[in-house]
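*Asks:* just a sequence and a predicted model for now, questions to come.
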Amino acid sequence: MWSVEAGPRVAAILSVVETCRRLGIPVREYLAEVLPGLADRKASELGALTPMA
């Protein structure tokens, strides 16, 4: 039921959420904008999608 891999994944998600909150970015709006096209991006482009960018 629980997975060892879940911890780092949850930590990554919470890091993005907390960064959005600290920067005053609405979390739902950020995720709604970034997530739909995420699968079509190259790994080298992902840095531009972070809340800090």
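*Replies:* That came through fine.

*Asks:* which element is residue 16 on?
*Replies:* Assessed by DSSP states H and E, residue 16 sits inside helix 6-23.

*Asks:* what sits up against that helix?
*Replies:* Around helix 6-23, the neighbours that count as contacts under C-beta atoms under 8 Å, 6 or more residues apart in numbering are 25-27, 30-31, 50-52. (Each C-beta comes from the backbone N, C-alpha and C, glycine too.)

*Asks:* could you measure from the spatially closest residue to residue 34 that is not a sequence neighbour over to residue 42?
*Replies:* Spatial nearest neighbour of residue 34, excluding adjacent residues (C-beta to C-beta, 6 or more residues apart in numbering): residue 49 at 5.1 Å. Residue 49 sits 11 Å away from residue 42, going by C-beta to C-beta, to the nearest Å.

*Asks:* the two: which is more packed in?
*Replies:* Taking other C-beta atoms under 10 Å, residue 49 and residue 42 do not tie; residue 49 has more neighbours (15 against 6).

*Asks:* returning to what we had before: give the PyMOL command for selecting the buried subset of the contacts of helix 6-23.
*Replies:* PyMOL command restricting these to the buried ones, with burial defined by 16 or more other C-beta atoms under 10 Å:
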select buried, resi 25+30+31+51
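
*Asks:* with distance to residue 18 and secondary structure added, can I get the contacts of helix 6-23 in CSV?
*Replies:* Shown next, in CSV, are those (distance: C-beta to C-beta, whole Å; DSSP: H, G, I helix; E, B strand; the rest coil):
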residue, distance to residue 18, secondary structure
25, 11, coil
26, 14, coil
27, 9, helix
30, 12, helix
31, 13, helix
50, 12, coil
51, 9, coil
52, 12, coil
